[in-house]
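> Below are the sequence and a predicted model for it; my questions follow.
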Amino acid sequence: MVDWIADYYTEIERYPVKADCKPGSVYASIPDTPPDEPEAMQGIFDDFEKIIMPGMTHWQSPKFLAYFPANTSFSSILAEFLSSALGAQCMKWETSPAATELEEAVMNWLKKMTGIPENFEGVIQDTASTSTLCAIITARERSTGFQANIEGLNNYSIMRVYCSAEAHSSVEKAVKIAGIGKNNLVKIGLDKEFRMKPELLEAAILNDFSTGKKPVCVVAALGTTGSTAVDPLPEIAAICTKYNIWLHVDAAFAGSALILPEYRWMIRGIEQADSLVFNPHKWLFTNFDCSAYFVKDSDTLINTFKLVPEYLKTQIPEHVNDYSNWGIQLGRRFRALKLWFVIRSFGVKGLQEKLRNHIAIAGELKSWIENNADFELLAPVLFNLVCFRFHPRGVDDLAELNRLNEQLMLTLNSTGSMYISHTKLNGIYTLRIVAAQTRVELRHIKNAWNLILEKSKAIYPLSNQ
Ligand SMILES: Cc1ncc(COP(=O)(O)O)c(C=O)c1O
């Protein structure tokens, strides 16, 4: 299998990057009932190749330019092997002392690498969605003196949470799960570059106070999903401090760029924030799942989540971390190992070099788009996400342009040679290319751009122009 994996990575560009399979086709290939008798591994593996592989989209292909990536690297994969082999369940210090202490150590490394202040403490969660949910529940509890956990929400004023209109859907999901209610998520308006407008945030907070509601949490995005816009943290942090509101920073994708000193401007004001999340599983070459959640006051987090039934009581002194009390799940995988392997095998300099290379590649694509009269950029390129559309000269109807761009994306993705995704910015159908895949090089982006030029001409021939 190790050989198979090595070959897979060598040949990965030969696979169609996006699975071309009909809905239900894989399901139909799996027997309705499980086998009663043991099967030989060879047969299982043959079916993996025959049934599963054709139905896989290849996230590790350098032709994968869609969404934000879920990166791997060989050191991370090897650490995952070991972690699976050890099969440790890392809920408490006693059940996995080395895993617990390594997690504390690598989270401290990440602070040093990114400039996250020393007085924050880190814990690995599965996803940014979970990290944000932890932040919002902790904010809820802080605002009620930890009583909502006991009494429920009936005795409290309506709680309010704020984020930008471009914030990730995980914020809305978290507000729903936390019992605050989707209608109490206030989406704040944006400036021209898709950043939250702090003056609108303050106005919304004051309005809520005046109607007896309780502002409990603001979520600021450093790198929105749609366009990697960076909300103005210093101004937002000052407002949160002024009104004593929990400030959670969602830097799920772009937070990895904090390892580059030239991107530290993003976290000016972070000392006034309460929590921050970024995902090494997106842009730091560490297998999914690995979400780094940092909190300034870990006692608030622990007071929110700690629960120790009799069967989980241990004789261990208080000063060790039992990370199951730092979040939602009890059972925890050994995720620190892969982060340790990755940071050591790349070195901070190696990681920085890779990120800078991605940013430079995206800069090339940006310049090709800028220099082509039939394409236009739709958002500033701050990192390695390029938002653009095909805009043939003379076509100015929004609906027609949206239709053309959707058709272009579907055509490109059906080739198997590249895979991109879309969003809507100001109602405009926006194509997104992310140059963040571990193995992506300039040539892949160049090939993608050539294909875009070719297919756009086919969709809207020059004779129409
Ligand atoms: C800004 C932002 N926040 C949160 C998420 C959710 O990440 P996860 O899949 O780790 O929950 C994403 C996913 O792309 C994101 O872009």
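That came in fine, so what should we check first? This structure is a prediction, so every number in the text was calculated from the model and none was measured.
> What parts of the stretch 101-250 of the chain come near the ligand?
127-129, 168, 170, 221, 223-225, 250 (CB under 6 Å from any ligand atom). Quick note: C-beta positions are derived from backbone N, CA and C, even for glycine.
> For the closest residue to residue 345 other than its chain neighbours, give me its contacts.
Once flanking residues are discounted, residue 345 sits nearest to residue 75: 3.8 Å by CB to CB, 6 or more residues apart in numbering. By CB atoms under 8 Å, 6 or more residues apart in numbering, the contact set of residue 75 is 338, 341-342, 344-346.
> re the thing from before, now the two most distant members of the residues of the stretch 101-250 of the chain next to the ligand.
127 and 224 (16.9 Å; CB to CB).
> More neighbours: which of these two?
Neighbour totals were compared for residue 127 and residue 224, and residue 224 leads with 28 against 18 (other CB atoms under 10 Å).
> Isn't that one up against residue 164?
Yes. The criterion here is CB atoms under 8 Å, and residue 224 meets it with residue 164 at 7.0 Å.
> Who are the contact partners of residue 239?
198, 201-202, 205, 218, 245.
> Check the secondary structure at it for me.
helix (DSSP: H, G, I helix; E, B strand; the rest coil).
> Need the per-residue pLDDT for it.
With respect to pLDDT, residue 239 scores 98.
> which parts of the stretch 251-400 of the chain sit against the ligand?
Near the ligand, when you scan the stretch 251-400 of the chain using CB under 6 Å from any ligand atom, you find 252-253, 279, 291.
> okay, and the common contacts of residue 224 and residue 164?
194, 231.
> part of a helix, is the residue nearest to residue 345?
Yes. Applying three-state DSSP, one finds residue 75 inside a helix.
> follow-up on the earlier one: tell me which entries of the contacts of residue 75 lie within strands.
Applying DSSP state E to the contacts of residue 75, no entry is found in strands.
> Are any of these buried, and if so which?
338, 341-342, 345-346 (16 or more other CB atoms under 10 Å).
> Columns pLDDT and distance to residue 43 on top of the residues you listed, output as CSV?
Formatted as CSV, those follow (pLDDT from 0 to 100; distance: CB to CB, whole Å):
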residue, pLDDT, distance to residue 43
338, 98, 30
341, 98, 33
342, 98, 35
345, 98, 35
346, 98, 38
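> now the helices for the stretch 201-350 of the chain?
Listed in chain order, the helices of the stretch 201-350 of the chain (DSSP state H, counting those that start in this stretch) span 233-243, 280-283, 298-305, 336-370.
> residues making contact with the shortest one?
Outside helix 280-283, the residues that touch it by CB under 8 Å, 6+ apart are 68-71, 110, 252-254, 256-257, 286-292, 339, 342, 355, 358, 436.
> just checking, what packs against the one helix or strand residue 404 maps to?
For residue 404, the enclosing helix or strand under DSSP states H and E is helix 398-414. Using 3 or more CB pairs under 8 Å, 6 or more residues apart in numbering; DSSP states H and E, the elements in contact with helix 398-414 are strand 385-390, strand 421-425, strand 428-434, helix 442-459.
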